[in-house]
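Participant: sequence first, then the predicted structure:
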Amino acid sequence: MLVIKKAEYIGSFVEMQQLPQGMLPEIAIVGRSNVGKSSLINKTVNRKKLAKSSSTPGKTQTINYYLLNDELYLVDLPGYGYAKVSKAQKLKWQKMIGKYLRERQQLKGVILLLDIRHEPSENDLQMKDWLTQLEIPLLAIATKADKISRGARAKHTSVIRKRLNLPASPLCFSAETGEGVEEVLEALEEITAL
């Protein structure tokens, strides 16, 4: 399992040519707005405020880079599917995310976050299809697992699995309790070893 000894925020970028140079492996985190990307990053690296989380969905409008152990980047992509953003802005994000996924050679895999309480949205389906077409390794994680009872989880993860046509149920994660952190760290290690 990956042990995080050092985690630092590198920067926020809006253009591909601004992204960090070099060939360190990158793992991108995608999901709809307010699904808990910042919370997952903070809990996984055991730092309270490394990634800024906001109560306002649609806050991440840039590609945010976090360097772990000087050997791996976690890349937080803008959240999708948030209604209060103009069509032009949505299109801009879509293009930026698409370009990153298609062209970034350092990208080794993507973590797709889904809120365990809700069925995957059309945007989630689109993202899953995109990643499949681009042959990018994908790890699905069901966030906010503490919000439903343990007994109800299997039903919820099964719905996500079926709707997204995943080979296995998504990993359950809670930024509140820390459930799933070890599995995320193991997955990061596995993806970067590929």
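Facilitator: That came through fine. Numbers count the residues shown, from 1 in each chain.
Participant: so which residues of the protein form helices?
Facilitator: With DSSP state H as the criterion, the chain has helices at 37-45, 87-103, 122-133, 150-164, 181-193.
Participant: need those helices in JSON lines with mean pLDDT and mean neighbour count, can you?
Facilitator: Where C-beta positions appear, they are placed from N, C-alpha and C, glycine not excepted. As requested, the helices of the chain are exported to JSON lines (pLDDT from 0 to 100; neighbours: other CB atoms under 10 Å):
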{"stretch": "helix 37-45", "mean pLDDT": "94", "mean neighbour count": "23"}
{"stretch": "helix 87-103", "mean pLDDT": "85", "mean neighbour count": "14"}
{"stretch": "helix 122-133", "mean pLDDT": "94", "mean neighbour count": "16"}
{"stretch": "helix 150-164", "mean pLDDT": "96", "mean neighbour count": "15"}
{"stretch": "helix 181-193", "mean pLDDT": "90", "mean neighbour count": "16"}
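Participant: can you list those in a markdown table and add distance to P20?
Facilitator: Converted to a markdown table, the helices of the chain look like this (distance: least, CB to CB, whole Å):
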| stretch | distance to P20 |
| --- | --- |
| helix 37-45 | 17 |
| helix 87-103 | 12 |
| helix 122-133 | 22 |
| helix 150-164 | 30 |
| helix 181-193 | 16 |
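Participant: between the ones you listed, which one is nearest to F13?
Facilitator: With CB to CB, the closest approach to F13 among the helices of the chain belongs to helix 87-103: 9.3 Å.
Participant: contacting residues around the closest one?
Facilitator: 14, 16, 19, 28, 30, 61, 63, 75, 77-78, 80, 85, 107, 110, 130-131, 134, 136 (CB atoms under 8 Å, 6 or more residues apart in numbering).
Participant: what's the angle from that helix to helix 122-133?
Facilitator: 20 degrees (axes from the mean of the first three to the mean of the last three CA atoms, to 10 degrees).
Participant: spatially nearest residue to A168 (excluding sequence neighbours)?
Facilitator: R161 (7.1 Å; CB to CB, 6 or more residues apart in numbering).
Participant: so who does the one residue sitting closest to the centre of the chain touch?
Facilitator: Taking CA atoms, centre = their mean as the criterion, I29 is the residue nearest the geometric centre of the chain, at 2.1 Å. By CB under 8 Å, 6+ apart, I29 lies in contact with K37, L40, I41, L74, V75, D76, L77, V110, I111, L113.
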